[in-house]
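> no letters, just coordinates:
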C-alpha cells in the first residue's frame, strides 16, 4: 500500500510540476478548400496558418500553450465541411475552428458550432455569416458591402450618378451583386444595367456591348480572376471610355498581369492593405506587420502573399489575443468578442457584442492602376 | 450606341467565339467518325495546347511560330499516347465503355496539368498586338483574325487530307465499314491512331489560338470541350461544313442571347440547343436522316 501511495504522490507532483512548466496545448481546427474551385482561397490560407503555427511553436507556443493544428480540406463542398466540422469537434476535440473559406460552407457549419459551443472564425466574406450576430461565429474578411460602399463613395465624389453592374454568377458575385444594388440605392446612384457572366466564360463583349448602349457613367465588375481580367480586355477592345471599377477580389498583381498592363491602365478598385502596403506610409500602424507577413510568406512558399492568406493570419492573431482570457472554448469566445484595436493584416479589428467582424471602411483603400502598379486614388 | 450597332457587335463577337467552338467540334467529329466514340478528353487536349504554348513561350522563350508548332507537336504526342494507353489495349470494348474511359482520361489529364502547371490562370501574349480593329461599327482584335484564318486553314487541310490522300481515304473507308476496310487491307487500328493524332492537333491549335484572348488554366478544357461537343452535335457529327456551321451558329446565338435576352442564360442557351437537337433532329441540323460520315 505504501508503495502505491508514494506512486500516487509522485504522479501528482509530476503532473503539477509539468503544468507549471507549460500550459495545456491548444488544439486549433481548420477547414479550408485547399483543392477544388475555391482553392485560390484555401491554399494560401492553409499555407499561412501552417507557417504561423510552426513559428509560434518554435518559440514555445503562445502564452505557454503549444499549438496543435488539425487542417482538413473541404474541397469547397458544404456537405464535406459539415462532416469535417463535426469530426474536428468530436474526434479531434478542438477548442476553436478557423475557416471555412467560402460563405456557403460557413453557413452550412454554423448550426454545428452553435450547438457544440465551439467558436468559429470564418475566412469567408459574406455578410450573412455575422448578420444577425451568432454567439460563437466571427469572421475576418471585411463585409462585401464595405468594399461596395468604398466604390460608391468614390463615385459620389466624382459626381458619377449611374452605374452598370457586371457580376460573376458564383457565390462571390451574387453576394456582391446584392450588396451593390443595396448600397447603390442608399447612395442614390441608379443601376442602369445589371449583367452577369459565368465563372468560366471566355468572352464578355456581348454584355459590355449592352452596357455601352446604356446610359451608365461607370462600370462595376465583381468577380475573381480570370473573369475580371477578360472584362478589362474586352472593355479596351470595345473602346469603352467610362471608368471601370473592379472589386477587392482582384486586388493582386496577378490581375494586372492577366489583363495586360495597357488594358488595366486607369482601372479603379478598393484594395486590401496587403496588396498596396509598399505605397502606404511607413508610419501606418499596419505597415510593419504587412511587410513582415509578405516577406515571410515569400520566403516560405516562394510566391506573393495574398489577401486571402491574410484572413488566416487575422484568425491566428485573434486566437492569440483571445488566449488572454483563457483557453477553453467559452473563454476563447469571450476573448474574441472583447478584441479591441487589434492591428492585423486585413485591418484594425474592434469587436463587440453586436459586431463579430470588427472592420470598417478603413480596411480598404481606393487605388488606381497606373503603368502596372497601384497608385492611391485621390 | 444604336441597337443595330449593338447587333453588329454581337454578331462579330459570336462568330469569333463560334470559330473556336467549330475547331474543337471538328476534333470530336473526326474521332467519332473513325471509332464511333465521343472523345470527352477533347477539351483537355485544347487545354494542353494552351498550356504547352505557355510553357514554350513564357519559360523556354521560343519564337512564336516555333512555340506554336512545338505545342501542337507535344499535344499530338499526348493524344497518341492517350490512344495507345487507354483505347488500344481494350480488345472488345463497346463504344460506351470507351466513352467512359475517355471521361476518366480527361479527369486524369486535368489532374496532371494541375500538378504540373499549378492552379493559377496564365496569360500568353497575343500573336500580333492588341490594338482593336474596326469593322463597321463593331470591333475585334487581331487575334480574332488569327482564329478565323487558322480555323479556315485547318478545315481546308482536313478537306484535302480526307479527299485526296490515300490515308485520308482509308480513314473514310473505316468510317463507312470497319470490317470491310480491314478486309481490303487497311490497318484499322492505325487509322484510329491517326484520328486521335489529327483531333489532338486540331484541339491543341484551338487551345493555342484562344489562349491569348481567354487565358488558360488547368480547367479551361471542361467548358470549351462541352461547347465544342454542342457544335459537333448541331452539325450532326460531320467532320466538315456541318460542324463548322454548328459552331458558328452556337457562338452567334450565345452572344445574341446574352445581349438581347439576358446574360444569365448564356450557357443555358447552348445546352437548350443541344437538347433540342438531340430530341428533334438527332442527325444534326444539316444532316440527312442517314448521315454521311466524314
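Received, thanks. The structure displayed is predicted, hence computed values, not measured ones.

> from here on, just use CA atoms for contacts and neighbour counts.
OK.

> number of residues surrounding residue 141?
No chain specified, so I'll use chain A. 27 (other C-alpha atoms under 10 Å in any protein chain shown).

> could you do chain B instead?
By other C-alpha under 10 Å, the residues close to residue B:141 number 20.

> go on, residue A:31?
Quick note: residue A:31 (other C-alpha under 10 Å) scores 30 neighbours.

> tell me the secondary structure at it.
The local conformation at residue A:31, judged by DSSP: H, G, I helix; E, B strand; the rest coil, is strand.

> report the contact partners of it.
A:71, A:72, A:73, A:74, A:81, A:84, A:85, A:97, A:98, A:99, A:100, A:101 (C-alpha atoms under 8 Å, 6 or more residues apart in numbering or on different chains).

> filter those to the buried ones?
Taking 16 or more other C-alpha atoms under 10 Å in any protein chain shown as the criterion, what is buried in the contacts of residue A:31 is A:71, A:72, A:73, A:74, A:81, A:84, A:85, A:97, A:98, A:99, A:100, A:101.

> which of those scores worst on pLDDT?
Across the buried ones among the contacts of residue A:31, the smallest pLDDT goes to residue A:99, namely 88.

> just give me how far stretch A:273-290 sits from the chain centre.
Offset of stretch A:273-290 from its chain centre (C-alpha atoms, centre = their mean, to the nearest Å): 17 Å.

> actually stretch B:239-250, sorry about that
11 Å.

> phi, psi of the residue of the stretch 151-300 of chain A found nearest chain B?
Nearest residue of the stretch 151-300 of chain A to chain B, counting by C-alpha to the nearest C-alpha: residue A:213, 4.6 Å away. Dihedral pair for residue A:213: phi -80, psi -10, per degrees, to the nearest 10.

> who's in contact with the helix or strand that contains residue A:145?
Using DSSP states H and E, residue A:145 sits within helix A:144-157. Residues from elsewhere that reach helix A:144-157 (C-alpha under 8 Å, 6+ apart): A:125-127, A:161, A:175-176, A:179-180, A:183-184, A:187, A:189, A:245, A:247-248, A:269-270, A:360-361, A:364-366.

> which among the residues you listed count as buried?
A:125-127, A:161, A:175-176, A:179-180, A:183-184, A:189, A:245, A:247-248, A:269-270, A:361, A:364-366.

> who's in contact with residue A:329?
By C-alpha under 8 Å, 6+ apart, the contact set of residue A:329 is A:95, A:96, A:117, A:118, A:119.

> report the contact partners of the fourth one.
In this case it means residue A:118. Contacts of residue A:118 by C-alpha under 8 Å, 6+ apart are A:89, A:95, A:96, A:97, A:136, A:329, A:330, A:333.

> in helices only, show me the residues you listed.
A:89, A:329, A:330, A:333 (DSSP state H).

> before we move on, the earlier item: could I get the contacts of residue A:329 in a markdown table, plus columns for distance to residue A:301 and pLDDT?
Rendered in a markdown table, the data for the contacts of residue A:329 read as follows (distance: C-alpha to C-alpha, whole Å; pLDDT from 0 to 100):
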| residue | distance to residue A:301 | pLDDT |
| --- | --- | --- |
| A:95 | 28 | 95 |
| A:96 | 26 | 96 |
| A:117 | 35 | 95 |
| A:118 | 31 | 96 |
| A:119 | 29 | 96 |
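
> what count of nearby residues applies to residue B:240?
A count of nearby residues for residue B:240, using other C-alpha under 10 Å, gives 22.

> look up how far chain A lies from it.
25 Å (C-alpha to the nearest C-alpha, to the nearest Å).

> out of the ones in helices among the contacts of residue A:118, who's nearest residue B:143?
Taking C-alpha to C-alpha as the measure, residue B:143 sits nearest to residue A:89 out of those, at 54.0 Å.

> against residue A:31, how distant is that closest one?
Distance of residue A:89 to residue A:31, computed by C-alpha to C-alpha, to the nearest Å: 12 Å.

> quick check: which element contains residue B:102?
Using DSSP H and E, the element containing residue B:102 is helix B:95-117.

> list the buried ones in stretch B:71-84?
Neighbour counts over stretch B:71-84 (16+ other C-alpha under 10 Å) mark B:71-83 as buried.

> make a markdown table out of those residues and add distance to residue B:49 and secondary structure.
As requested, the buried residues of stretch B:71-84 are arranged in a markdown table below (distance: C-alpha to C-alpha, whole Å; DSSP: H, G, I helix; E, B strand; the rest coil):
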| residue | distance to residue B:49 | secondary structure |
| --- | --- | --- |
| B:71 | 6 | helix |
| B:72 | 6 | helix |
| B:73 | 9 | helix |
| B:74 | 8 | helix |
| B:75 | 6 | helix |
| B:76 | 9 | helix |
| B:77 | 11 | helix |
| B:78 | 10 | helix |
| B:79 | 11 | helix |
| B:80 | 14 | helix |
| B:81 | 15 | helix |
| B:82 | 15 | helix |
| B:83 | 17 | helix |
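
> from those, pick the one nearest residue B:155.
Distance from residue B:155 was checked for each of these by C-alpha to C-alpha. The minimum falls on residue B:72, at 16.0 Å.

> who wins for most neighbours among the ones in helices among the contacts of residue A:118?
Result: residue A:333 is most packed of the ones in helices among the contacts of residue A:118 (other C-alpha under 10 Å), 27 neighbours.

> how close does the closest residue to residue A:297 other than its chain neighbours sit to chain B?
Nearest residue to residue A:297, sequence neighbours excluded (C-alpha to C-alpha, 6 or more residues apart in numbering or on different chains): residue A:305, at 5.7 Å. Distance, residue A:305 to chain B, by C-alpha to the nearest C-alpha: 14 Å.

> contact partners for residue A:305?
Each residue near residue A:305 by C-alpha under 8 Å, 6+ apart is listed here: A:44, A:293, A:294, A:297, A:298.

> can you rerun that using 10 Å?
Residue A:305 is in contact with A:44-45, A:47-48, A:252, A:274-275, A:290-291, A:293-298, counting by C-alpha atoms under 10 Å, 6 or more residues apart in numbering or on different chains.

> repeat that for residue B:276.
Listed by C-alpha under 10 Å, 6+ apart, the contact set of residue B:276 reads B:234, B:282.

> please apply the same query to residue B:262.
A:194, A:195, A:196, A:197, A:207, B:255, B:256.

> looking at the residues you listed, which are in strands?
Among those, the members falling in strands (DSSP state E) are A:194, A:195, A:196, A:197.

> just the strands from chain A, written as ranges.
Taking DSSP E, the strands of chain A run over residues A:23-32, A:65-73, A:96-98, A:120-122, A:137-139, A:162-168, A:190-197, A:219-222, A:244-246, A:268-272, A:342-343, A:348-349, A:364-370, A:373-376.

> hmm, I typed the wrong one, I wanted the stretch 51-200 of chain B.
Secondary structure of the stretch 51-200 of chain B (DSSP state E, counting those that start in this stretch): strands located at B:133-135, B:138-140.

> do you know which of those lies nearest chain A?
Set against chain A and scored by C-alpha to the nearest C-alpha, the strands of the stretch 51-200 of chain B come closest in strand B:138-140, at 6.0 Å.

> kindly report the residues of the stretch 151-294 of chain B close to chain A.
Residues of the stretch 151-294 of chain B lying near chain A by C-alpha under 10 Å from any C-alpha of the partner chain: B:210-217, B:219-224, B:254-260, B:262-267.

> what's the distance between residue B:20 and residue B:246?
For residue B:20, the distance to residue B:246 - C-alpha to C-alpha - is 11 Å.

> quickly list what's touching both of the two.
B:228, B:231.

> which residue ranges make up the domains of chain A?
Per automatic domain parsing, the structural domains of chain A span A:2-142+A:289-360, A:145-278+A:363-376.

> any idea which of those is most buried?
Of all the domains of chain A, domain A:145-278+A:363-376 has the most neighbours on average by mean count of other C-alpha atoms under 10 Å in any protein chain shown, namely a mean of 21.

> I'd like the mean pLDDT over it, please.
For domain A:145-278+A:363-376, the mean per-residue pLDDT is 91.

> kindly report the same for stretch B:88-105.
Here the average pLDDT along stretch B:88-105 is 85.
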